[in-house]
Every structure is written in C-alpha cells, then in structure tokens.
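Enquirer: can't give you the sequence, but here's the structure:
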C-alpha cells in the first residue's frame, strides 16, 4: 500500500468524484471560515483601506473560465503604475494555499499579484476534471499574463512570474517563449514530466511502457462512451481513470517514506486541506506528461532567473538539473533555504520569510 500511495494508485471513478469519509473528516477538522476560503496562516479576511486587498476575478482561456485572486498593495491607486507578478500553484494545489500565501506577501512588498487555479482544476472550468496536461498548464501562465497586464495599475513592462512545485516546471517552460516575463523565479521546482515518466527519484524507469499503455487505454475509455455528434467532435464519455491518491489514513501518512509525499499528504489532506485541492489527475494526462520535460529547450530562457529550493528537499535534484541547463540567462542564481524540505517552503514562517525576502530583492532588481 505504501508503494502504491507514493507512486500513484490507479483509481476508476465516474466524472463526479465523491469525497471519501476519510477526506471529509479531514476537511471537517480544518473547517474553513475564511470568506475567500484561503487556508494559509495570516490570510486576508476582509479588505481594508491602507492594507493589502484581495479581489476574486474570472477570465477565459480558450473558452474555459479561470478563477483567480488579484492581490493589490496597501494604498493601491489604479491610476499609478505597479510591477506585477503571476504565481503558478503546485501540482495538486490551488490558489487558496501556498500560491495565495506568496501572492499576498509579494503584494505586501508593493506588487500587484495574481494567483489562479489551473484550467480543469480547482474552481476553474474544464472537463474532464483534474486533467493535468503540460500544454494546458503552460497556456494557463500565458493567459494569466494576458489578464494581469491589462489590470488597472499594472505596468506591463515590469511583469514577473513565480512558479511553485509543478507550477515551477511549467513556469520554466512558459518563460522560454513568453518574453513579457522580465524576471523568472521558481520555488521547490518539480519537473512533472520527468517524474511522471521516470518516477520520483527515478523509481519507475522499468515500467514506462506499461504506464504509457495504461494512459492510452484510459484515453480510450474516456472517449468510447461518448457520442459523436454531426460535427464529428468526440465528446468525453462518463468514465475517467484517475492516478494519484483520493484519500489517505493517518497511519498510511506516517508510513510514507519520502518527505515530499508524507508532508504533502499532511499539507493537502490535513493542515491546509481545501475541497478544491486534490492529489488526483487523469491517467490519460500521462500520454502528454510522460513525453514532456520542463528542461527541453530551457536554454531559450534569457531572462534573469532565480531558483529557490530547500537544502533538505528530496526534490532538489530537479532544481539542480534545470539550473545547470539554463545557459543563456542574463543572470541566474540558485538560492538554498537551509534545513527546509520541499513542503516546508510552502508554509513554515521561518522558511517562507527567507524565500519572500529573496524574491522581493530579485524582483526589485530586475523589474
């Protein structure tokens, strides 16, 4: 069971996912009373004059509704010009968790920030739910830039981007071509393609072809029960196969050997649980994920780059690999947070403050 939980249990579900009793209980333990459903410590509870404010917004990307939060600095004046930062959330994450925490802190430093839910995930639209395809996640970041540069008060010439975990890998990909981003930063970067292909820490290299076959079969299942209208479009049917973990017991969490997954389960299913956050993704997404890599063509990044990772993070190898391949950045820096694991950079104040201080210095210099 431990191995299945860590590597991704295949689960057959209908497109409507029922919350398990275990997960329902964990959500009850962390009952959310925040009016914006933010789950991080120190989150905004109301908008006040002279302080950082939050504004829920919606916009469309390729016809799909995207749910997002804009954070504006204290004493925000839309007639003035401010630098802005787009924040891309982790795999399994949503805008109300660590992405929102960092967006709020950067707004406190004087930036207009945007934290958004990826298409097919969180409060954003898109079917099948929990689709996690790299091209969609990259398009999310392009679309976030499209929106925020038109927001009142934003100086489009001073736009930065921050990607956290999986959002960091997708940020590296988006920054290769989107030169509207003048400064690029990642925190605890996770290369989704490498991990879905090879397994975490290369633990599934011997099953690549088998898992590609599973992904292909999952796509067939999604399509075969759908009708084919006169226009020839194949609609998604009523069944999807999901990879990942739908729920987990305290005992299973305790027995999980890797820091990333053990602490991740605690973060997403216990301490920072939110009903829109999930460890699931459609198995058919693996057809795209396993043939993708955040570092392909990464030499196209010529913007200033800051990559932040915990010194004890078991994901640090991915940051190291990517950083070495960025050969054309005007200036790049790898910053280690001593003693921090991957998930601890999401929420522990002593580590978050180090990351935020480094990020604000970086953006101040390069925006």
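Expert: Here it is on my side, so go on. Computed from a predicted model, the values in this text were never measured in an experiment.

Enquirer: after the one helix or strand residue 69 maps to, which helix or strand is next?
Expert: Per DSSP states H and E: residue 69 is located in strand 64-72. Tracing the chain C-terminally past strand 64-72 and defining elements by DSSP H and E, one meets strand 82-88 next.

Enquirer: can you list the strands that that following strand pairs with?
Expert: Based on DSSP bridges, the strands next to strand 82-88 in the sheet, each with its direction, are strand 112-116 (parallel), strand 154-164 (parallel).

Enquirer: now the angle from the longest one to strand 64-72?
Expert: So the one you mean is strand 154-164. For strand 154-164 against strand 64-72, the angle between stretch directions is 110 degrees (axes from the mean of the first three to the mean of the last three C-alpha atoms, to 10 degrees).

Enquirer: what about the next helix or strand after strand 154-164, average pLDDT?
Expert: Once the chain leaves strand 154-164, the next helix or strand it forms, by DSSP H and E, is helix 166-177. Mean per-residue pLDDT for helix 166-177: 98.

Enquirer: okay, the angle between helix 166-177 and strand 82-88?
Expert: In this structure, helix 166-177 runs at an angle of 120 degrees to strand 82-88, with the same axes, to 10 degrees as the basis.

Enquirer: mind listing what's buried in helix 166-177?
Expert: Counting neighbours by 16 or more other C-beta atoms under 10 Å, one finds that the buried residues in helix 166-177 are 166-176. C-betas here are computed from N, CA, C, even on glycine.

Enquirer: could you point out which element follows it?
Expert: Toward the C-terminus, helix 166-177 is succeeded by strand 181-187 as the next helix or strand (DSSP H and E).

Enquirer: who are the packing partners of the following helix or strand past that next one?
Expert: Where DSSP H and E defines the elements, the next helix or strand beyond strand 181-187 is helix 192-198. For helix 192-198, the packing partners by 3 or more C-beta pairs under 8 Å, 6 or more residues apart in numbering; DSSP states H and E come out as helix 166-177, helix 286-289, helix 316-325.

Enquirer: what residue ranges in the stretch 101-250 of the chain score low on pLDDT?
Expert: Screening the stretch 101-250 of the chain residue by residue with the criterion pLDDT under 70, one finds the ranges 225-238.

Enquirer: switch the cut-off to 90
Expert: Under the criterion pLDDT under 90, the flagged ranges of the stretch 101-250 of the chain are 221-241, 246.

Enquirer: same deal with the stretch 251-367 of the chain?
Expert: 279, 330.

Enquirer: do you have the helices of it handy? List them.
Expert: Taking DSSP state H, counting those that start in this stretch to define them, one finds helices in the stretch 251-367 of the chain at 259-266, 286-289, 316-325, 344-347, 349-366.
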